[in-house]
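Enquirer: Need coordinates for the following:
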Amino acid sequence: MHALKYAHMSVASGNSRNAVAVGSEALSAMMVARNFEGETERFRQLEQDPIIGFEKEFLRWMLSDGAAAVLLETQPRGEGSLRVDWVVSRSFANELDVCMYSGADKDAEGRTQGWKTYEPADLAGKSIFTIKQDVKLLGKNIVPVGVTYLRETFESKGLDPKDIDHMLVHLSSMFFKDKVHDEMYAQGIGVPMEKWFINLPQMGNVGAASIFIMLWDLMRQGKVKKGEKILLMVPESARFSYSFALLTAV
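Expert: Next comes the predicted model:
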C-alpha cells in the first residue's frame, strides 16, 4: 500500500509517466520446521500456555509466499481499468507498543529488547529470531484503532459508506472478519457483508502482496462495473499502521 501510495503520487504529480507498485513475500525459509524443533520440544516438557503458543505458532502457519503488482499510468487502458482516487496511511507507533517482531523479545515489564542485548546461547533458547505477536496488545487495539482511523478518513474525504460497492479487507485470519464488520457498524460506517470481498481462505495471507492479489481476483471474476467504487483496507500489526485507498472503475 505504501508502494501504491508513492507510485500514485509520482504519476499524479507528473514526476513519472508510469510506475509499478509491487508487494512480495518469501517467508517460507523462516518457517521451516527445523527452526522450531528445539522450542517445540521444550514446550512438550512444560504445561504450555495457549497464549504463548498463539504468539509464536500462529504466524508460522498463517503466512504464505507470493507476489503481485499493479501498473499505474496517466491514462486508462480501456475496460477493466481503475482510477486511484486517493491513498492514505498512518502509523500509530507513537501511541502503541511494538506488537509483531522478530530479532527481539519482551522483558517482564513488557519492554522490547533487541537481539544484541541477549547472550549468544539465548538467541536459540529464547527463540529470539522467531516471528512473534503480542496477542493481548493485538486483540485490544488492531480493530478499534483501525476502524476509528477509517471513520476519520471517511469524514475527511466526505465519503458515505453507501457509496462503496466493493470492500477489500486484508485479514491475517478470518477470526477478525466479524470483529471489523461489527466495529464499523458500531462507529456508524458499516458496509454490508455482501459488499465485502475476501479471498484469504483460497489464497492465504501473502502479507504485502495480499491486497493486490485480492484486487486481481475481484477484477478477473468480472464483479466490477463501470463507475463502481472499491475500498481497500489494510492493517499492519507490527507497529499498528493502517492504509486505505479508494478506486473507481472507469
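Enquirer: and A21, what are its phi and psi?
Expert: Per-residue torsions, A21: phi -100, psi 130 (degrees, to the nearest 10).
Enquirer: Next secondary structure after the lengthiest helix in the chain?
Expert: Across the chain, the longest stretch assigned as helix under DSSP state H is helix 135-157. Scanning forward in sequence from helix 135-157 by DSSP states H and E, the next helix or strand is strand 166-169.
Enquirer: ok, residues contacting the helix or strand following that following strand?
Expert: Remark: after strand 166-169, the chain's next helix or strand is helix 177-186, criterion DSSP H and E. The contact list for helix 177-186 (C-beta atoms under 8 Å, 6 or more residues apart in numbering) reads 143-144, 146-147, 150, 161, 169, 171, 190-191, 193, 196, 198, 233. C-betas here are computed from N, CA, C, even on glycine.
Enquirer: Identify the residues contacting the helix or strand following helix 177-186?
Expert: Toward the C-terminus, helix 177-186 is succeeded by strand 196-197 as the next helix or strand (DSSP H and E). Contact with strand 196-197 is made by H166, M167, L168, V169, K177, H181, M214, D217, L218, K223, as judged by C-beta under 8 Å, 6+ apart.
Enquirer: are any of those residues buried, and which?
Expert: H166, M167, L168, V169, H181, M214, D217, L218 (16 or more other C-beta atoms under 10 Å).
Enquirer: Which pair of these spans the longest distance?
Expert: Comparing all pairs in these by C-beta to C-beta, the longest separation belongs to H181 and D217, at 19.8 Å.
Enquirer: about what we covered before: most neighbours out of the contacts of helix 177-186, which is it?
Expert: When neighbours are counted by other C-beta atoms under 10 Å, G146 leads the contacts of helix 177-186 with 27 neighbours.
Enquirer: Tell me who's in contact with it.
Expert: V180, M233, P235, F240, Y242.
Enquirer: Mark which of these are part of helices, please.
Expert: Assigned to helices by DSSP H, the following of the contacts of G146 qualify: V180.
Enquirer: for this protein, which spans come out with low pLDDT?
Expert: The chain contains residues with pLDDT under 70 at 33-60.
Enquirer: Looking at the contacts of G146, spot the one nearest G227.
Expert: Using C-beta to C-beta, the contacts of G146 come closest to G227 at M233, 20.8 Å.
Enquirer: Can you tell me how far the closest residue to that closest one other than its chain neighbours is from N205?
Expert: Using C-beta to C-beta, 6 or more residues apart in numbering and skipping the chain neighbours, the partner closest in space to M233 is V169 (4.7 Å). Remark: distance between V169 and N205 (C-beta to C-beta, to the nearest Å) = 12 Å.
Enquirer: what does S64 give?
Expert: Distance from S64 to N205, by C-beta to C-beta: 6 Å.
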